[in-house]
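[1] this is a predicted model, with the sequence first.
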Amino acid sequence: MKKKLILMDLGFNNAYIRKILTVMRITVLLCVLGVMQVAAANSYSQEARISLDVREKAVSDVLREIEEKSEFFFLYNNKLIDVDRVVDVDVKDKSITKVLDLLFADNVQRDISDRQIVLSPAIQQDETLRSGVVLSADDGLGLPGVSVVIKGTTIGTSTNIDGAFSIKANEGDVLLISFMGMVSQEVTVVNNETINIVLQSDALQMEEVVVTALGISRDKKSLGYAVTKVAGDELNEVKTANVVSSLNGRVAGVNVSSSSAFGGSSNVVIRGGSSITGNNQALFVIDGVVISNTSLTDDNVLRAGGEGGYDYGNAAADINPEEIESMSILKGASATALYGSRGSNGVIIIKTKQGKVRKGLGVTINSSVNFERINKNTLPDYQNEYGGKVYETTIDGVKQNVVSYGADGSWGTKFDPTLMVRQWDSWDPSDVENYGKSRPWVCPDNMDEFFETGVMFVNSVALEGGSENGTFRLSYTNTDQSGTMPNQDLTKNNFSFNGNFKLGEKLSAQITGQYNKTESTGRPGLGYDDQNSRSFMGSMMWNQRNLDFNRLKNYQTASGEQKTWNRKSIADPTPNFWDNPYWTRYKNFQNDSRNRFVGALTLNYQVNNWLTATFRASTDHFDFINEERIAKGSKGTSYYSTNTRTETEDNFQGTLNIDKRFGENFHLTGVLGVSSRRNKYTSIYLGTNGGLVVDDVYSISNSKNKEVYNNEWISEKEVNSTFGSLSLGYKNFLYLDVTGRNDWSSTLPPNEKSFFYPSVSTSFVFSELTDLTFLNYGKLRLNWAQVGNDAGISKLRNVYYSNGVFGNAIKYGSSYALKNPQLKSELTTSYEIGLDLSMFNNRVGLDLSYYSKTSEDQIIRASISSATGYGQKYLNSGEMENKGFEVGLNLIPIKTENFKWSMNLNWSTNKNEVKSLAPGVEDLVLNKNGASVIARVGEAYGIITGTDYVYDAKGNKMITNGYYDRTDTGEIIGDINPDWMAGLSNSFTYKNLTLKALVSVRWGGDIYSYTEKYGRMAGILSSTVGLNDKGIERRTPYWDQSDWSVANPDGGVALEGVNADGTVNTKRVEAEWADGYMPDSEFIVDGTYVKLRELALSYRLPQNLFGKLPVENVTFSIIGKNLAILYKKSDNFDPEVVNGVGVGGLEGGALPSTRTIGCSLKLNF
Amino acid sequence: MKISKYKSVILSGLILLGLGSCTDEFEELNRDKKNPEEVNSEFLVPNVEHNMAYRIANSLSVNDNISSILCQHVSKVEYIEPTQWRVREGLRINHFTNAYTQLQELNQVINDVNEINDLESEKLSKNEKLLLLRTLSSYSWQMLTDGFGPSPYFEALDVLNIQPKYDTQQEIYLEELDKLTTALKNARKVGDAFGKQDIIYNGDAAKWRKFAASQLLRMAMRIADVDKANSVKYANIAIEEGLFESNADNALFQFLPESGKWNPVYAGFREAFSECASNTMIDILKSNSDPRMETFWSPNKDGEYLGNGFGVKDLTEGKFSLFNTETMYDSGKSEEGKLDLPFIFMSYSEVEFFLAEAVVRGGYNVTGTAKSHFSAGVEASLNYWNVEAAKTVAYVTAAESRFDSASKKMDVVATEKWVALISQGVEAWAEVRRLDAPQMNAPVGMPISSFPTRLEFSPNEYSFNKANVKAAAAAIGGDKQTTKLWWDVK
């Protein structure tokens, strides 16, 4: 506990606590205001009159009575002021000063400030004020915020901005000086000597203190499980709108996948998913508050080839990266048992920046701008030889070449600049420039011009300050972002407050609050969405390569009607399959806004020198409104919908924290607690039916049909828990942790609602027992843990759904999924063994972990044979096992006075296996559209199944009738799990200049690509052109379709393979049909990538430059993000891009990924 | 001591927390607050009727039902996988799932009616309600098995058995023929079957009796080639119980001109049109100078009737005939057209064609000649489509002479029936398979060159009911699109 902040000497009386307790159930924001009001009140003391009549009461009781009868409250330290003295007081209508005169002698100083009365000893204690300064060995500058504590006491202070401190101490007292990331030191106080200390930076942070479950800071060496810490600055160097995505490549075993959609989702899975169909996302905890990371999008909407919709992102995107002090990633279940079920997927604990004790007000200004462009290499690899079908027709007596506009593929006419063709935009009489004109038949190949340069400004200002009474930090961050597609913008405003108050000698409070407002317009549509073309890349899975994107900008006629390339016919300009993408961007856009408040109030009471009681009330609430629209004149029916969702989580938690030493050798720490969590989710969706009556009026009342689409739910849940954790340390080298938790959940049947889960872990710091000179530190850790889990809300009873009316008939239907009143809780059991080593003056650090986790009795929504009358059933089923190995290697290859090169390599591999599913369930579909991502017994979680080629005994592909044979759809054709993942970061520091580079690697993991499948069918990909086996263009027709005679005996293609009789196939078929009739396995793509994730160059201006200016630090950085994909196997998309938050493995219409270049300026003064 | 006071405040807070949350309210908290756990089971009846009508009518949908293309009423100009006889997995999944979902809901109502109708006041309509439910059930089973052949039957619709075994098509047919007969014989009382909750006949029990008998006839005739004895037995019962007697008896589902309630083919066309007349259809109508040509189809841009072949992509604008939007769907995708075109569950003309067939086959207890029933069937169809009287008379006369001069009378009956079954793709595809007339065109140069005679099993069954579906596949000699069904012996 050496880094613990020390409670100050000043006492605080209970009246204040009562006030806090009264408002506790009101919002924390009000608390914040309350505190401020107290500080800013007017003079009450002069007017108030007090009457008292007490006999033989302790002074403390008298003070309390005064507090009850008046608005005064007292602050004092009962070690310094004798309040146990028994007195008699009898006064009437006296002022407070008079009353105090009766109560205290002159040795007590009374400072009255309005209602607040501070009592302090008038005479100096005999301790002497010692002063000193703490400097950093790295740069010789003063270190602010360093903890200075008199060993064996709770008396302490921290250094100011110059690294100076003063503390009352006696000669011979030992001061413990400690700072995060530095090697701690102990100094004995010698009279008349200034205490100057130089702290060495602890490069490998082996001694580091990490924030663990429930926000408890612990020495990393005592932990029997894997924890990785990432400093906030490191995450924040390269700005991303969604903080989750910046974790990518930094931590072994953490798999982050991000949608490339503007404002889209990011997915964090730690050590492989443990839940078969449930949520495998890591849990986010900010300053002790579990925050929602709900995906605001229906996964079905986003899945590759799905019905289409918008990626509304995940709620963790509300975390303000600017305010992150550090993140601790707790990977194993042992580390997370105290968070309950939701911790089983790993926990990301975020500590926000806090105010520090300092002189004056600290101001940090951070300003950055990023520019974002798409990476053209992640657009599909298109062919540039053929466009749509050109044919000659006679219009108004004139023969002219036209295109079959209504078709949307490129199996048509070969480009030929001498061929003059009337294209789609030549039919609008109001467009004088283009009307009636023919243009050369060429391929503009300029889809990338559809994309714009996105710009993101992030400006933040933070104020902080503090005294021995408390610290605070206030910050405001504004993010203003435009996207890479037309008509996209997103703004975020974030206000954060973080305050620590000493309410008394033993009582302190922390108040944290964040308010976020996010508003966005024009998120990109995803999925396939052939109804409404909202997905740009989805709509471009079918296109004519003759499209000129600059001309598409001309998307409406003079009177506002849509002009699309895919007009129905010459006569009919309305869209056949696809809207003009510019029409979609400017007319059919969506918008949304989210208000979010996260706040917590924490009270800490130091019961005695080994026991602290903590109470925390926290809330996380957001409301989210989105509006979607389809304008009249679009391909789909005109439409407007609005969806309002709210989500609230309230947590109340009380804990007793133990920290006690027994003799020299034993150290017991622990937590006992109770908690109650309530969740409420609501949603109301309304959508117009049958189109809009009046153009461009987007309201529900403008619905043509008054029976509007609607959907609503209110879901509630409560989980009550008791938990405990005890850790026993022996001589600083052997530690044993035991934890246990019992939950009572409302989502389980009454007889199953209670479930218990324990964990045991141990840490053995063997380096303490050896004298090996090269070994600075060595630890072996072992743990075993279980985590229980409850069911989803309302999964026990079947219900009926209203299907409205049909004429006079009332329609209700039964549900597709059978609920189950016999569900019981899930259980995940894991063990882990790990080794942490630090060697050669801490220049080589190695961190190895092996883990295994098995999840049983999982509650799944299993698809069952429809012959039951239902499609799915909720079942307890299944056992899934994850085993993995993680390596973290830290090296400092070069370290001189001015130059330092440090590097970090992390590597991880995870293998999983579905051991069993429910009786009678063999396959569980996780993600499906044609090909499926499924869980199958005996296979890895997330195999891809579909049709495969049929091979003969010699391995030849079998052919019938000129086409490939195919297996049934259950064949395994891929595995979405990567073989391994790695990240390599290098940092070079020369004086004030730092260069950092991060490369991340994902090796293996298959993806089924609809972009390839449809691109082949549509004839737009480069794989659909070229020469056939006879050396002529494969698109040369073989058949003459008018009479089915052979047009060209060498035309078409003869697919490679053998017939059933073993003969080599010679039967020729048209290239178009061959490309359109491939088994699913043809479209499996290896998801490997090696990316230059980040490159950052920063320069910190030398301190002496500022002279006497009140500037502490100026840092300027230039950063690049995703600058290059160094290696990938997919030709047509970025393999990292996923569609929304889900299991992944399917790609369709993936947006191209983007490169970001930006610069930032950071000022502290 | 101050300490004890702080401690008591905090500890009491902790205790309150631990005990304050009353877990007795858990069950209430966990209920679905917006959807009822129980409803009047009669609310399920229109749900089933609408869903059934929707999916059978939706016969140009690659994901639901492409029977109008399989039977070659309709062809396509683009996205020609259906005209290449490639049936999507999704269609097979939906064909399987929809049938059982409806059957499950029908079963709930049947169980309810059986329980609550022991009340004297309810007894009157109990058997009428059961007859309605059984007619819809039998038709669902028939459509299911006419697609796949073997299907789970005896072990189906049991939530405790999630892997039901498959039964043969023969077992399903015979069992349903028997159950429908029983229901018909029980329903002797005059009463009301669900009243306005019945969209098809508005609860008219007399009409339901006729529909039930006609459905019994349809099932009986379908097995005529393979089990003549049972075919005769049940057809005779059907005739005795009373069949449709005119177009006024037709079992129609009247769609409504509101989104979500309109004819799904219309809805499909609004989204994308690539369907046109098939050359099979146009050639037959042309050669017979059928006045329904202009009823069903509109001329192409050159003023001619032209249908596309199968497996042919042809994007030339305006080349082929589309549906006539005055009488049929609107394949031109404007917001006009017959969005509320009724779906025909069964028509009087179908009944007459079955009777004509029964006379041709012989052994059935049918009064009248084959020709008289044949003529009545043709006439009923032309009347249904509002062909003017003079043209109707002329066409019926011409049809009769084709019948007279034909050596294979059934081919003439089958061809006329095939035309009359327009918009009833499911029945038309079944009858083409059974009667092998008219002649179907075959796509050339395509992966599949044999006419599809069944649907391959739902791919989901290979995931969720593997052993049973594999056993069923083995029992019919392999799960192929070209495997013939039990009743399709020729």
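    Okay, I see it. Residues are numbered from 1 along each chain as shown, chains lettered A, B, ... in the order given.
[2] grab the nearest non-local neighbour of the closest residue to chain B within the stretch 101-250 of chain A.
    Closest contact between the stretch 101-250 of chain A and chain B, by CB to the nearest CB, is at residue A:119 (13.2 Å). For every residue, glycine as well, the C-beta is placed using N, CA and C. Excluding the flanking residues, the one nearest residue A:119 by CB to CB, 6 or more residues apart in numbering or on different chains is residue A:76, at 3.8 Å.
[3] could I get the phi/psi values of that neighbour?
    Backbone torsions for residue A:76, taken as degrees, to the nearest 10, come to phi -160, psi 160.
[4] hmm, residue A:83 and it touching each other?
    Yes - under the contact definition of CB atoms under 8 Å, residue A:76 touches residue A:83, with a separation of 7.2 Å.
[5] these two: who's more crowded?
    More neighbours surround residue A:76 than the other of residue A:76 and residue A:83, with 26 against 23 (other CB atoms under 10 Å in any protein chain shown).
[6] dump the residue contacts of residue 85.
    Just going to use chain A. A:58, A:59 (CB atoms under 8 Å, 6 or more residues apart in numbering or on different chains).
[7] oops, I was thinking of chain B
    B:70, B:310, B:443, B:446, B:448, B:450, B:451, B:452, B:481 are the contacts of residue B:85 under CB under 8 Å, 6+ apart.
[8] mind checking how far the last one is from residue B:431?
    By that I understand residue B:481. According to CB to CB, to the nearest Å, residue B:481 stands 18 Å off from residue B:431.
[9] quick revisit: just the closest of the contacts of residue B:85 to residue A:348, please.
    Nearest to residue A:348 among the contacts of residue B:85, counting by CB to CB, is residue B:481 at 51.6 Å.
[10] phi, psi of that closest one?
    Dihedral angles for residue B:481 - degrees, to the nearest 10 - are phi -70, psi -20.
[11] helix, strand or coil for the residue nearest to it when sequence neighbours are not counted?
    Excluding the flanking residues, the one nearest residue B:481 by CB to CB, 6+ apart is residue B:452, at 4.6 Å. Classification of residue B:452 by DSSP: H, G, I helix; E, B strand; the rest coil places it in coil.
[12] list the buried residues of the helix or strand containing residue A:704.
    Using DSSP states H and E, residue A:704 sits in strand A:703-730. Residues A:703-704, A:708-709, A:713, A:715-725, A:727-729 are the ones in strand A:703-730 that count as buried (16 or more other CB atoms under 10 Å in any protein chain shown).
[13] quick one: contacts for the closest residue to chain A within chain B?
    Nearest residue of chain B to chain A, counting by CB to the nearest CB: residue B:104, 2.6 Å away. Each residue near residue B:104 by CB under 8 Å, 6+ apart is listed here: A:814, A:868, A:869, A:870, B:157.
[14] neighbour-wise, give me the winner out of these.
    residue A:868 (26 neighbours).
[15] near chain A, which residues of the stretch 351-490 of chain B?
    Contact residues (CB under 8 Å from any CB of the partner chain) of the stretch 351-490 of chain B with chain A: B:444-449, B:458-466, B:468, B:479.
[16] mind running it again at 7 Å?
    By CB under 7 Å from any CB of the partner chain, the residues of the stretch 351-490 of chain B that approach chain A are B:444-447, B:449, B:459-466.
[17] let's have those in CSV, adding pLDDT, neighbour count and secondary structure.
    Listed next are those as CSV, based on pLDDT from 0 to 100; neighbours: other CB atoms under 10 Å in any protein chain shown; DSSP: H, G, I helix; E, B strand; the rest coil:
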residue, pLDDT, neighbour count, secondary structure
B:444, 75, 15, coil
B:445, 73, 22, coil
B:446, 72, 23, coil
B:447, 70, 23, coil
B:449, 73, 15, coil
B:459, 87, 22, helix
B:460, 87, 25, helix
B:461, 91, 27, helix
B:462, 86, 21, helix
B:463, 82, 24, helix
B:464, 86, 27, helix
B:465, 91, 26, coil
B:466, 88, 15, helix
